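Enquirer: Kindly return the folded structure for what I paste below:
(2 chains)
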2 protein chains.
Amino acid sequence: MLTSYSKILETAVNEIAKLPGIGRRTALRLALHLVNAETVEVETLAHALTELKSSLKICKYCFAISDHDVCEICANPKRNPNIICVVQDIRDMIAVENTNQYSGVYHVLGGVISPVDGIGPGQLKLQELFHRIENHPVEEVILALPSTAEGDTTNFYIYKHCAEKAPKISLLARGVGVGEELEYINEVTLGRSLITRISFESQYGSVL
Amino acid sequence: MLTSYSKILETAVNEIAKLPGIGRRTALRLALHLVNAETVEVETLAHALTELKSSLKICKYCFAISDHDVCEICANPKRNPNIICVVQDIRDMIAVENTNQYSGVYHVLGGVISPVDGIGPGQLKLQELFHRIENHPVEEVILALPSTAEGDTTNFYIYKHCAEKAPKISLLARGVGVGEELEYINEVTLGRSLITRISFESQYGSVL
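Expert: Numbers count the residues shown, from 1 in each chain, chains lettered A, B, ... in the order given. Presented below is the predicted three-dimensional model:
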């Protein structure tokens, strides 16, 4: 895409196109939108982006990104600090938060063990998790990692190190997603959800 | 999407989500990418965006955005200043440039006449176009506006005002797009391309 007739425009397009999932055509569309936008809007955007690097901190307990040294969830007295939900990253933490079904705290690993990608236990916040569990009264550790080979490996690794210290280690339920058509579900999921079938009443309550 | 646990993150997500075609989920993904990116990368991006407002100019001849008072195309002595290609916006100008088939100059209208959207001739750079044609030896005006009702209206408006002053006013050819399957082409286009059919030789040359 030839935008070289304006160096300023081309620089902006190049920088925007470095973002994940943004191609040069979209980058051009966004850049031209900003050209026509109000100056204050563009400055607010640019300021908000630099703030992400200059002002965001990492929570010293759960390693979530945070405005302060301790994140709002860890600092919230209404959250139960004795239930720890282990997630791979902040996006998964936000996904769990959005369910409005969880009142414990989190531990953000920063990924899952993946030898193929060169990610070993040492690159994740695993020692910090074990340290947290050893030095703190923990009721339950909920492993909310992806249901992949890497997620399973990480689940086993955590289980091996924590089984004696944590009274309860649980996993997210596996099965048919709400609203899913059976024909589109992969056979492993469907097979497992048949084996680990649940009682009618546990899903719908006693309707009779 | 609950990102309110970090105001800095939420501000960034809100600002990014104001961009056209970017939803909150994508905005979150981009913001978290920047959190993990190098500081210099984020600062370069933010700087490039503010430059779009603070440093870009409008070419005083063709009204394209430009690094200088006169854009590189208007200032280029190799371009023919007597052929003017009228486009609705800079994206269409870039699209024409990318064909590498055009060596004249442009005139960026800033839109097309659209009473439904409240855009009348006065809001476009039409007087500037007529002024340009009157005060400058023009060989040809190429109308490269969208093939829509609004584009047609604008084409007629320009034709009415310029027919006496410009020796030649032309339109982009209408017809079957290269690589297009006939069954997916709308019937108006297909009907017109049948009526305005071209000679075999004009497309393929004399192959015998």
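Enquirer: Tell me how far the spatially most central residue of chain A lies from chain B.
Expert: Closest to where the C-alpha atoms of chain A average out (C-alpha atoms, centre = their mean) is A:Asp92, at 2.2 Å. Going from A:Asp92 to chain B by C-beta to the nearest C-beta, to the nearest Å gives 11 Å. Yep, even glycine has a C-beta here, placed from its N, CA and C like the rest.
Enquirer: Chain A: strands as residue ranges?
Expert: With DSSP state E applied, chain A shows strands at A:57-58, A:65-66, A:80-87, A:104-108, A:140-143, A:169-171, listed in chain order.
Enquirer: what number of residues lie near A:Leu34?
Expert: 24 (other C-beta atoms under 10 Å in any protein chain shown).
Enquirer: pretty sure it is touching B:Leu49, no?
Expert: Yes - judged on C-beta atoms under 8 Å, A:Leu34 makes contact with B:Leu49 at a distance of 6.0 Å.
Enquirer: Quickly list what's touching both of those two.
Expert: Taking C-beta atoms under 8 Å, 6 or more residues apart in numbering or on different chains as the contact rule, the neighbours common to A:Leu34 and B:Leu49 are A:Ala12, A:Val42, A:Leu45.
Enquirer: mind listing what the first one touches?
Expert: What that stands for is A:Ala12. A:Ala27, A:Ala31, A:Leu34, B:Ala48, B:Leu49, B:Glu51, B:Leu52.
Enquirer: what's the most distant pair in the residues you listed?
Expert: A:Ala27 and B:Glu51 (14.5 Å; C-beta to C-beta).
Enquirer: before we move on, back to that, can I get the strands of chain A in TSV with distance to B:Leu19?
Expert: Converted to TSV, the strands of chain A look like this (distance: least, C-beta to C-beta, whole Å):
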stretch	distance to B:Leu19
strand A:57-58	26
strand A:65-66	22
strand A:80-87	28
strand A:104-108	27
strand A:140-143	36
strand A:169-171	38
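Enquirer: okay, those in TSV with distance to chain B and mean pLDDT next?
Expert: Converted to TSV, the strands of chain A look like this (distance: least, C-beta to the nearest C-beta, whole Å; pLDDT from 0 to 100):
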stretch	distance to chain B	mean pLDDT
strand A:57-58	9	92
strand A:65-66	6	91
strand A:80-87	13	95
strand A:104-108	10	96
strand A:140-143	18	92
strand A:169-171	23	90
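Enquirer: what would those strands look like in CSV with mean neighbour count?
Expert: Below are the strands of chain A laid out as CSV (neighbours: other C-beta atoms under 10 Å in any protein chain shown):
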stretch, mean neighbour count
strand A:57-58, 16
strand A:65-66, 23
strand A:80-87, 20
strand A:104-108, 23
strand A:140-143, 20
strand A:169-171, 15
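Enquirer: nearest to B:Ile22, of the ones you listed?
Expert: strand A:65-66 (20.1 Å).
Enquirer: Tell me the helices and strands packed up against that closest one.
Expert: strand A:57-58 (3 or more C-beta pairs under 8 Å, 6 or more residues apart in numbering or on different chains; DSSP states H and E).
Enquirer: Please compute how far the strand it packs on lies from its chain's middle.
Expert: Centroid separation for strand A:57-58 versus its chain: 15 Å, with C-alpha atoms, centre = their mean, to the nearest Å.
Enquirer: Walk me through which strands that strand pairs with, and which way each runs.
Expert: Here strand A:57-58 has these sheet partners by DSSP bridges: strand A:65-66 (antiparallel).
Enquirer: Figure out how far the longest helix along chain A is from the centre of its chain.
Expert: Counting by DSSP state H, the longest helix found in chain A is helix A:39-54. Relative to its chain's centre, helix A:39-54 lies at 24 Å (C-alpha atoms, centre = their mean).
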